[in-house]
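> return a 3D structure for these sequence lines:
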Amino acid sequence: MKYASSIAAHGLFPIVIVLAIANGQRMLALLTGAVGLIYAICLMQKSGPILLMLPLAVYLLSTRHFIKAALTSAVVGVVVIFMGFAANPKVRPAAMVTLSKELQKTRITKPAADVASTPSPRISAADDASNAKLLGASLLYRVLVTLGEVVGQWFDVIPAQIPFGEGCGYRFLTSLLHCNFQNYPRILYDHLFPSEASMGLKGTVNAASMMTAYANFGWLGLALIGVFHAIVAWVLLIIFQRDPVLTLPINMTFILLLSSGDIFTLLFSGGWGLSILLFAMIARAGGPQKEIGTDFPSSTRLRTVTL
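Next up is the predicted model:
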């Protein structure tokens, strides 16, 4: 249950949507997409809706359904903007802020019968434009700058202030090495944010996949993890060679998540392994096969078992 949200948001929902569309099952895709969006919004992470619908958008682009891909992207954009305003009171549109204040004053100083007659407050368009600009800048900074800054922090702190883990930073190696697990994202949070940690707050400083290897084995770890990433890419190409149009939709989300997460975590508890398993069970099942689906070109339809 600890990893249920990550597996559902990154693996189960988005991959089921893609496979349903590829099989021509629109109602299943629509229902899964609606439930998945609600689930992603409830997690209060702005990346949730993006990662949920990214596989579908990539699949639609791959099959040259450009209008549907644009509509999918527009829906996600609206949801992300709404979540950004909801989570950041300082950048909310002036209409929302002013109206909220006026309503609070009305409830306190006026009887209920006079609320309906209260004139609407005047809203400044310049304030709305400034708030939207601030929100957009913060999102771009998070995507384009923050990831590199975090990697730099890891290089600055390890091993100068925090020693290499010598393998103890990988949970599956601790029993073999007879050592305690070193959770480096959490260790770095306590080190970089001591005031927050002293108040009992628990957080993580997640970095690119290569940094866990560096934290354990130094520069040798960087070289070895590069080889391992190449092996994973080679295996994926073999698995998806009969359905190349599904290679990116199934795997692109997790490739992007490698910029802020360890590859072993993504494979085992982040939903990547589950996504590949779903593809193998539905699209690569053995036995007599037939093509189904009517909404997409025959070359993109999945071949499934005839029961």
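> drop to CA atoms for contacts and neighbour counts, all remaining ones
Noted.
> which strands and helices sit next to the helix or strand that contains Leu267?
Leu267 is located in helix 263-268, with elements delineated by DSSP states H and E. Applying 3 or more Cα pairs under 8 Å, 6 or more residues apart in numbering; DSSP states H and E, we find helix 263-268 packed against helix 272-283.
> got the buried residues for the helix it packs on?
For helix 272-283, a neighbour-count test (16 or more other Cα atoms under 10 Å) marks Trp272, Gly273, Leu274, Ser275, Ile276, Leu278, Phe279, Ile282, Ala283 as buried.
> surely Trp272 meets Ala8?
No: taking Cα atoms under 8 Å as the definition, Trp272 is not a contact partner of Ala8, at 10.6 Å.
> the nearest residue to Tyr170 once chain neighbours are set aside: what's it in contact with?
Closest residue in space to Tyr170, ignoring its immediate chain neighbours: Phe181 at 6.9 Å, by Cα to Cα, 6 or more residues apart in numbering. Phe181 makes contact with Cys168, Gly169, Tyr170, Arg171, Thr174 under the criterion Cα atoms under 8 Å, 6 or more residues apart in numbering.
> part of a helix, is Phe181?
No: judged by DSSP: H, G, I helix; E, B strand; the rest coil, Phe181 forms no part of a helix; its state is coil.
> what helix or strand is the closest residue to Leu237 other than its chain neighbours located in?
Distance criterion Cα to Cα, 6+ apart; nearest residue to Leu237, sequence neighbours excluded, is Thr247 at 7.6 Å. Assigned by DSSP H and E, Thr247 belongs to helix 247-257.
> summarise which helices and strands that helix is packed against.
Against helix 247-257 (3+ Cα pairs under 8 Å, 6+ apart) you get helix 13-22, helix 47-62, helix 272-283.
> now do the helix or strand following the second one: which elements does it pack against?
Going back to what we said before, that points to helix 47-62. Remark: after helix 47-62, the chain's next helix or strand is helix 66-87, criterion DSSP H and E. Judged by 3+ Cα pairs under 8 Å, 6+ apart, helix 66-87 is in contact with helix 47-62.
> residues in contact with the helix it packs on: which ones?
Identification of contacts with helix 47-62 by Cα under 8 Å, 6+ apart yields 9-10, 13-15, 17-18, 33, 36-37, 40-41, 66, 68-70, 72-73, 76, 79-80, 245-246, 248-250, 252-253.
> TSV please, covering the helices and strands packed on helix 247-257 and showing mean pLDDT and distance to Thr265.
Output for the helices and strands packed on helix 247-257, formatted as TSV (pLDDT from 0 to 100; distance: least, Cα to Cα, whole Å):
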stretch	mean pLDDT	distance to Thr265
helix 13-22	90	18
helix 47-62	89	17
helix 272-283	85	9
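> if we can go back for a sec, tell me who's in contact with the residue nearest to Leu237.
By Cα under 8 Å, 6+ apart, the residues touching Thr247 are Leu236, Leu237, Phe240.
> 10 Å instead?
Contact analysis of Thr247 by Cα atoms under 10 Å, 6 or more residues apart in numbering lists Pro55, Tyr59, Leu236, Leu237, Ile239, Phe240, Gln241, Ile276, Phe279.
> gap between the two ends of stretch 242-249?
Taking Cα to Cα, to the nearest Å, stretch 242-249 runs 14 Å from one end to the other.
> quick check: buried residues in stretch 234-245?
For stretch 234-245, the neighbour count (16+ other Cα under 10 Å) marks Ile239, Phe240, Asp243, Val245 as buried.
> ditto for stretch 7-26
For stretch 7-26, the neighbour count (16+ other Cα under 10 Å) marks 7-25 as buried.
> where does the stretch 201-307 of the chain dip in pLDDT?
Along the stretch 201-307 of the chain, the model assigns pLDDT under 70 to residues 283-307.
> try it again with 90
201-204, 206, 239-246, 252-253, 256, 259-261, 265, 268-271, 274-275, 277-307 (pLDDT under 90).
> between Trp272 and Ala8, what contacts are shared?
Common neighbours of Trp272 and Ala8 (Cα under 10 Å, 6+ apart) are Ile15.
> for this structure, which helix extends over the most residues?
Counting by DSSP state H, the longest helix found in the chain is helix 209-239.
> which elements pack onto that helix?
helix 147-157, helix 184-192, helix 247-257, helix 263-268, helix 272-283 (3 or more Cα pairs under 10 Å, 6 or more residues apart in numbering; DSSP states H and E).
> now Ser195: phi and psi?
Here is the backbone geometry of Ser195 (degrees, to the nearest 10): phi -70, psi -40.
> shouldn't it be in contact with Lys202?
No: judged on Cα atoms under 10 Å, Ser195 makes no contact with Lys202 at a distance of 11.3 Å.
> give me the common contacts of these two.
Common contact partners of Ser195 and Lys202 (Cα under 10 Å, 6+ apart): none.
> now stretch 163-173: buried residues?
The neighbour-count check on stretch 163-173 (16+ other Cα under 10 Å) flags Phe164, Gly165, Glu166, Gly167, Cys168, Gly169, Tyr170, Arg171 as buried.
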